[in-house]
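1. Sequence and predicted model, in that order:
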Amino acid sequence: MNDNFSLDLEGLPKELKLILEIIKIENDKKLHLKIIEQLFDVDWNHFLELAIHHRLYPLLYSKIKMIDQKILPKFVVQNIFQEYKKNTFQMLHLSAVMEEVSKIFAENEIRLLVLKGPVLAADLYGNLSLRTCRDLDILVPMNELDNVDKLLVSIGYKQEDYFQIETVLNDWKWRHHHISYFHPQKGVKLEIHWRLNPGPGKEPSFNELWERKRISSLTTQPVYYLGREDLFFFLVTHGARHGWSRIRWLVDVHELVQQKMDWIKVRKVMKEYQYLHLGGQVLILSSELLETPISKEMKALNLGKIPKDIVQKTIFYFEHMVNLHTEPLPESVSRYHDRYLLSLKTNRQKLLYYISVLYPSITDVKTIKLPKYLYFLYFPLRPILLVMRKR
């Protein structure tokens, strides 16, 4: 898109480059020579592994149907179709649960915004089956968390997290941003968010997001989700925080920016909360990897001023097929990710981050137990406790 942002993609696996070429197909008449050239000497097992890791197999299957399937090994097509079919049933199931939860919350006068899931698949891809989803992410006002907990427990959900019990000076309110619930019979996980991203940091309030909400046409019961500009903010901050390690998140942005967007509003929101550079990062990445068309309006995000290194650093996650949900993370990946996250922060965000590091955590309580009336002593003790644990 710009000579200043010619990314080094030499380290990308051949199989990933092939996947990217296939998902860029618009119709069967546009079977690029690049695809033909890349079909030789492909590790097809790794191809399937990458398609599943990046959650691209539903979209990949829709593209494979457009071309002569004989150019791909039969077992590859069959495997992708099986994953596609399982995902379709999963998305239908999640849609029913999403509608049910929305109805129950409305009856109890609790506002909610669905962040991802089936509504996102329908909105961005026009087809429920073209995007994967493992659970439902729901945003609620922070002051409703106790009511939400009681309501979900009453209908069979069980809380999976523990930090509300194990906390120091209510740090969970900003240190975390969601809590998980699971329904054993339905086999569905709900993530209840009170922030879009973990703190510390500024972001739009729930009331602001609610004022700009949209209503999904996917269900008969009203289901509310983010306005386009707020959805861009959420997808960008979420994807950047995870190093864009799943290309599906990048494809989401690719699809969103081709809808009608108010880029002046986008720029205002991204600038106000100090994420303007991350908006530029994703547009450059999407342009380079997915050939996303960049309009004049999009350039309001000051794409020419985005440091090249914060864009190039994400390529590491593609080259090494990084899964940030692996526990424990390999030491080298963990160190790289920590440095990457720090490089994304503005000076103000770095200051807030360093202050947060000095804020007591439940780990300090487990290191040295003090009675609650002496919890304030964890502030001066925090640096000492950090050094103790490091040693």
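-> Sure thing, it's come through.
2. what's the burial count for Gln78?
-> 10 (other C-beta atoms under 10 Å). (Each C-beta comes from the backbone N, C-alpha and C, glycine too.)
3. That one - that's part of a helix, no?
-> Yes. Under DSSP: H, G, I helix; E, B strand; the rest coil, Gln78 falls within a helix.
4. how much space between it and Ile64?
-> Applying C-beta to C-beta, to the nearest Å, the value for Gln78 to Ile64 is 11 Å.
5. Kindly report the same for Gly279.
-> Gly279 is 32 Å from Ile64, by C-beta to C-beta.
6. quick one: which of the two has more around it?
-> Gly279 (28 against 21).
7. residues in contact with that one?
-> Phe232, Val236, Val266, Arg267, Met270, Leu301 (C-beta atoms under 8 Å, 6 or more residues apart in numbering).
8. And the pLDDT at it?
-> For Gly279, the pLDDT comes out at 94.
9. Remind me which helix or strand the closest residue to His177 other than its chain neighbours belongs to.
-> Nearest residue to His177 in three dimensions, chain neighbours excluded: Arg195, at 3.9 Å (C-beta to C-beta, 6 or more residues apart in numbering). When elements are assigned from DSSP states H and E, Arg195 belongs to no helix and no strand.
10. Could you give the number of residues near Arg195?
-> Applying other C-beta under 10 Å, I find that Arg195 has 18 neighbouring residues.
11. Remind me what the host helix or strand of Lys268 packs against, helices and strands.
-> Using DSSP H and E, Lys268 maps to helix 263-272. With contacts defined as 3 or more C-beta pairs under 8 Å, 6 or more residues apart in numbering; DSSP states H and E, helix 263-272 has these neighbours: helix 228-241, helix 276-290.
12. Can you show me the CA trace of the first one as CSV?
-> Meaning helix 228-241. The C-alpha trace of helix 228-241 is given here as CSV (Å, rounded to 0.1, in the frame of the first residue of the first chain):
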residue,chain,number,x,y,z
ARG,A,228,-19.3,-0.1,13.5
GLU,A,229,-16.9,2.5,14.8
ASP,A,230,-16.9,1.0,18.3
LEU,A,231,-16.5,-2.5,16.8
PHE,A,232,-13.4,-1.3,14.9
PHE,A,233,-12.0,0.0,18.2
PHE,A,234,-12.7,-3.3,19.9
LEU,A,235,-11.4,-5.5,17.1
VAL,A,236,-8.2,-3.4,16.8
THR,A,237,-7.4,-3.3,20.5
HIS,A,238,-8.2,-7.0,21.0
GLY,A,239,-6.2,-8.2,18.0
ALA,A,240,-3.2,-6.0,18.7
ARG,A,241,-3.1,-7.2,22.3
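13. who's in contact with it?
-> Here helix 228-241 has contacts from 115, 120, 196-197, 203-204, 209, 212, 214, 225-226, 249-250, 252-253, 256-257, 259-262, 265-266, 269-270, 273, 275, 278-279, 281-282, 341, 344, using C-beta under 8 Å, 6+ apart.
14. Put together a markdown table for the contacts of Gly279, with distance to Val188, neighbour count and pLDDT on each row.
-> Putting the contacts of Gly279 into a markdown table (distance: C-beta to C-beta, whole Å; neighbours: other C-beta atoms under 10 Å; pLDDT from 0 to 100) gives the following:
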| residue | distance to Val188 | neighbour count | pLDDT |
| --- | --- | --- | --- |
| Phe232 | 27 | 25 | 97 |
| Val236 | 27 | 26 | 97 |
| Val266 | 32 | 23 | 94 |
| Arg267 | 37 | 19 | 93 |
| Met270 | 33 | 23 | 94 |
| Leu301 | 36 | 25 | 83 |
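15. if we can go back for a sec, and of the helices and strands packed on helix 263-272, who's closest to Phe318?
-> helix 276-290 (8.4 Å; C-beta to C-beta).
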